[in-house]
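Asker: Build me a structure from this.
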Amino acid sequence: MKNYLILLQFLLLINFGFSQNKQTEKADKYFETYQYISAIEEYLKLTESKKVDKYVCKQLADSYYNVYNTFEAVKWYTKAVEGSQDAELYYRFAQSLKSLGKYQEANKQMDKFSVLKPNDQRAIEHLQNPNYIPSLADKAKLFDVFETKINSKEQSDFGAILSNDDVFYFTSTRNTGNKTDKWVNQPYLDIYFSSFKNDIFTEPQKLNELNTPYHDGPITISSDGKTMFFARDGHSEGVYEKDKKHNIRVGEQGLYKASKVNGKWTDVQALTINDKSYSVSHPSLSKDGKTLYFASNMPGGFGDTDIWKISINGNSYGQPENLGAKINTAGKEGFPFISEDDVLYFSSSGRQGFGGLDIFKFDFKDSSIINVGHPVNSEKDDFSFSFNALKNVGFFSSNRKGVDDIYKVIPVCNAEILVLVKDKKSGKILTDATVSILDDKLNLISIKQTNSKGEVEYEVNCKTPYVLQSKKQDYEQNSLELNSTIKGKNTITLELEPIEVIITETEVILKNIYFEYNKSNITVQGATELDKLVNVMKNNSAMEILVKSHTDSNGSAVYNLNLSNQRAQSTVQYLISKGISKERLSAKGLGFTEPKIKCQPNCSEEQDAQNRRSEFLIVKK
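Answerer: Got it, this is the predicted structure:
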């Protein structure tokens, strides 16, 4: 992320075991007060004068890491690890390498981290599954991602929230007329709003009644659009601590509530959880308005920043409750968003991901947590996810193109189907039956075998029509069309009818073999019936068959005779393709010379259908 988000990420002043001296004193002062840009300038001066050691390299690397310049961070971490370092440095080095897509090199640094901190959850996950990237990349896509036209070209935009009344709120540094935050050399954050209808944004405007000369945002809004909680820099409210040693005022982020009255945001109130000694930010309000989720570095957490929640009862607030180790890690967790169906989305640097910050989702119903995968997550920082269920659209931010931009997401409509295959007559389950899934043009997508329970599972897109098809030896094939409205988890039963072929003294009787009008190629239905004859002939190796093909009364006698000959020959060729010797087969087309029902010249459609037939006469048993 851009370096202004150092404040919003609540990066703590960590004791790195300083080896300060007179030469690094000025640079260290900047570093200790989060002024990483200025610190970098001073440390680089030392490298130019050749006054560089592993301490300066480490400080430079950490400074670049904290302003998310991973390319330069890797450069200086490489120099810093030429000597021994603390465990967290190896972790930050690994994270930086992942952001550049260098996963194998990152694994080497994670190996070193794991030796120094074997009981750390991050180390345990790494040792259990060091090469997780391929499986993570192969996960089914959850969202389609689209660029938006709301972004500024060079400034950072994030924290997008779409209200139910089509107001689009976000936080940005785009107002270059703002005062500059000297700590990060960026304009202060402001809250903006726009209208979003039919995929079109109106020109963004500043939310003047809530913006101050310092940082304001990000925000969350109630379902009715009348209550907003937002983050604000403590300097705006005169809430800060003086650092006499460095002659600076340190203002932490706090959360505030505002109400919309007559179209204007007013009655701004500070939440009781705000404190001079720690930050609270990144608010997200539950659908019922009774729970507020947020990120904070308050005491009692697991890492740099954790996700917490408080209960809300009017203007009264409960005690902060940490969401626990199921969600929080020793890394950074932030940007929580609670959806209407009780799913928590958040960003983390402490879990296995593609690099930088990845977006995760935690379902409170079953306590499952997953990485949302590509294309939402990338090797860079991906964060600030939100979703409007009413509009079926979401947003997140990413610096994958070098600056924080807002992207739109539309959920991929996935459905799970469990196919159960049974014998139609007995009801018994059928193992080792093939179940194919095809598109609506009957192109094969995938094929599986039923397990010991007679089941196969498929994951499908619920907006796409499919065809399920099941086969098993000695059973007739069965097919089922799936329309495009299937959702969630579904169980579908396919019943296969046992093949029962009637064999008389003179012929093998099958169901009628249908051909398309004026054509002689074998249809799917015809192939199913002919497969029954194939099984009979394979089980009776001496049997020889004469295929006799008949037409209806339509057309001339010559035309019908030629067409019936073509259909008879096509039938024989199909049987040969299935392994029946051509010496055991013969064919004869009879046109309309031997009708089953003599009805000419006034044959009905039903009579014509009965006359269009194939017969399979036994020449030799």
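
Asker: so what's residue 145 bridging to?
Answerer: Note on residue 145: beta-bridge partners by DSSP bridges are residue 409.

Asker: what's it in contact with, if anything?
Answerer: Residues near residue 145 by Cβ atoms under 8 Å, 6 or more residues apart in numbering: 375, 376, 407, 408, 409. The C-beta positions use only the backbone N, C-alpha and C, and glycine is treated the same way.

Asker: Kindly report the same for residue 423.
Answerer: 429, 430, 475, 495, 496, 498.

Asker: Which pLDDT value goes with the last one?
Answerer: This means residue 498. Listed pLDDT for residue 498 reads 87.

Asker: I figured it hits residue 422, correct?
Answerer: No: distance between residue 498 and residue 422: 11.4 Å, which falls outside the contact criterion (Cβ atoms under 8 Å).

Asker: If you count surrounding residues, which of the two has more?
Answerer: residue 422 (18 against 12; other Cβ atoms under 10 Å).

Asker: Just confirm that one is within a helix.
Answerer: No: the assignment for residue 422, made by DSSP: H, G, I helix; E, B strand; the rest coil, is strand rather than a helix.

Asker: The closest residue to it other than its chain neighbours: helix or strand, and which one exactly?
Answerer: Spatial nearest neighbour of residue 422, excluding adjacent residues (Cβ to Cβ, 6 or more residues apart in numbering): residue 495 at 5.2 Å. Residue 495 belongs to strand 488-496 when assigned by DSSP states H and E.

Asker: That strand packs against which elements?
Answerer: When contacts are defined as 3 or more Cβ pairs under 8 Å, 6 or more residues apart in numbering; DSSP states H and E, strand 488-496 sits against strand 414-423, strand 466-471, strand 478-482.

Asker: Identify the neighbouring strands of the next helix or strand after that strand in the sheet and state each direction.
Answerer: Moving toward the C-terminus from strand 488-496, the next helix or strand (DSSP H and E) is strand 502-503. If you go by DSSP bridges, strand 502-503 pairs up with strand 507-509 (antiparallel).

Asker: okay but the residue nearest to residue 422 is in contact with residue 426, surely?
Answerer: No: counting by Cβ under 8 Å, residue 495 does not reach residue 426; the two are 10.3 Å apart.

Asker: In PDB, could you pull the C-alpha coordinates for stretch 575-594?
Answerer: Coordinates of each C-alpha in stretch 575-594 appear next as PDB, following Å, rounded to 0.1, in the frame of the first residue of the first chain:
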ATOM      1  CA  LEU A 575     -21.200 -51.800 -34.900                       C
ATOM      2  CA  ILE A 576     -17.800 -52.400 -36.600                       C
ATOM      3  CA  SER A 577     -16.400 -49.400 -34.800                       C
ATOM      4  CA  LYS A 578     -17.400 -51.000 -31.500                       C
ATOM      5  CA  GLY A 579     -15.400 -54.100 -32.200                       C
ATOM      6  CA  ILE A 580     -17.800 -56.400 -34.100                       C
ATOM      7  CA  SER A 581     -16.200 -58.200 -37.000                       C
ATOM      8  CA  LYS A 582     -17.500 -57.000 -40.400                       C
ATOM      9  CA  GLU A 583     -17.800 -60.700 -41.400                       C
ATOM     10  CA  ARG A 584     -20.600 -61.100 -38.900                       C
ATOM     11  CA  LEU A 585     -22.600 -58.200 -40.300                       C
ATOM     12  CA  SER A 586     -24.600 -57.500 -43.500                       C
ATOM     13  CA  ALA A 587     -26.900 -54.700 -44.500                       C
ATOM     14  CA  LYS A 588     -29.900 -54.200 -46.700                       C
ATOM     15  CA  GLY A 589     -32.100 -51.200 -47.400                       C
ATOM     16  CA  LEU A 590     -35.700 -51.900 -48.300                       C
ATOM     17  CA  GLY A 591     -37.100 -48.400 -48.600                       C
ATOM     18  CA  PHE A 592     -40.900 -48.600 -48.300                       C
ATOM     19  CA  THR A 593     -41.200 -52.000 -49.800                       C
ATOM     20  CA  GLU A 594     -42.000 -53.900 -46.500                       C
END
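
Asker: Show me what secondary structure element comes after whichever strand or helix holds residue 345.
Answerer: Taking DSSP H and E as the definition, residue 345 sits inside strand 343-348. Using DSSP H and E, the helix or strand that directly follows strand 343-348 along the chain is strand 358-363.

Asker: Each with direction, which strands does the helix or strand just after that following strand pair with?
Answerer: Following strand 358-363 in sequence order, the next helix or strand is strand 368-371 (DSSP H and E). Applying DSSP bridges, strand 368-371 is found paired with strand 358-363 (antiparallel).

Asker: any idea of the angle the strand it pairs with forms with strand 343-348?
Answerer: 150 degrees (axes from the mean of the first three to the mean of the last three Cα atoms, to 10 degrees).

Asker: what are the ranges of the strands in the stretch 1-150 of the chain?
Answerer: Secondary structure of the stretch 1-150 of the chain (DSSP state E, counting those that start in this stretch): strands at 143-147.

Asker: Looking at residue 495 and residue 426, which one has more neighbours?
Answerer: Neighbour tally, residue 495 and residue 426, criterion other Cβ under 10 Å: the higher count belongs to residue 495, 17 against 9.

Asker: Okay, that one and residue 430: tell me how far apart.
Answerer: Distance, residue 495 to residue 430, by Cβ to Cβ, to the nearest Å: 9 Å.

Asker: so what's in contact with these two at the same time?
Answerer: In terms of Cβ under 8 Å, 6+ apart, residue 495 and residue 430 are both contacted by the residues 421, 422, 423.

Asker: quick one, what contacts the second one?
Answerer: With contact taken as Cβ under 8 Å, 6+ apart, residue 422 is in contact with 428, 429, 430, 454, 493, 494, 495, 496.

Asker: Highest neighbour count among these?
Answerer: Highest count within the contacts of residue 422 by other Cβ under 10 Å belongs to residue 494, 23 neighbours.

Asker: Residue 424 is in contact with that residue, correct?
Answerer: No: between residue 494 and residue 424 there is no contact under Cβ under 8 Å: 9.4 Å.

Asker: so who does residue 433 touch?
Answerer: The contact partners of residue 433, taken as Cβ under 8 Å, 6+ apart, are 421, 449, 450, 454, 470, 471, 472, 475, 496.

Asker: of the contacts of residue 145, closest to residue 335?
Answerer: Residue 335 lies nearest to residue 376 out of these, by Cβ to Cβ, at 12.9 Å.

Asker: still on that earlier bit, dump the contacts of residue 423 into a markdown table; add distance to residue 614 as well.
Answerer: Listed next are those as a markdown table, based on distance: Cβ to Cβ, whole Å:
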| residue | distance to residue 614 |
| --- | --- |
| 429 | 34 |
| 430 | 29 |
| 475 | 22 |
| 495 | 27 |
| 496 | 24 |
| 498 | 22 |
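
Asker: from these, which two are the most distant?
Answerer: Farthest pair in the contacts of residue 423, by Cβ to Cβ: 429 and 498, 14.1 Å.

Asker: Can you give the strand pairings for the strand holding residue 345, parallel or anti for each?
Answerer: By DSSP bridges, strand 343-348 pairs with strand 333-338 (antiparallel), strand 358-363 (antiparallel).

Asker: Give me the buried positions along stretch 512-519.
Answerer: 513, 515 (16 or more other Cβ atoms under 10 Å).

Asker: So what touches it?
Answerer: The contact list for stretch 512-519 (Cβ under 8 Å, 6+ apart) reads 521-523, 525-526, 529-530, 563, 567, 571, 609, 612-614.
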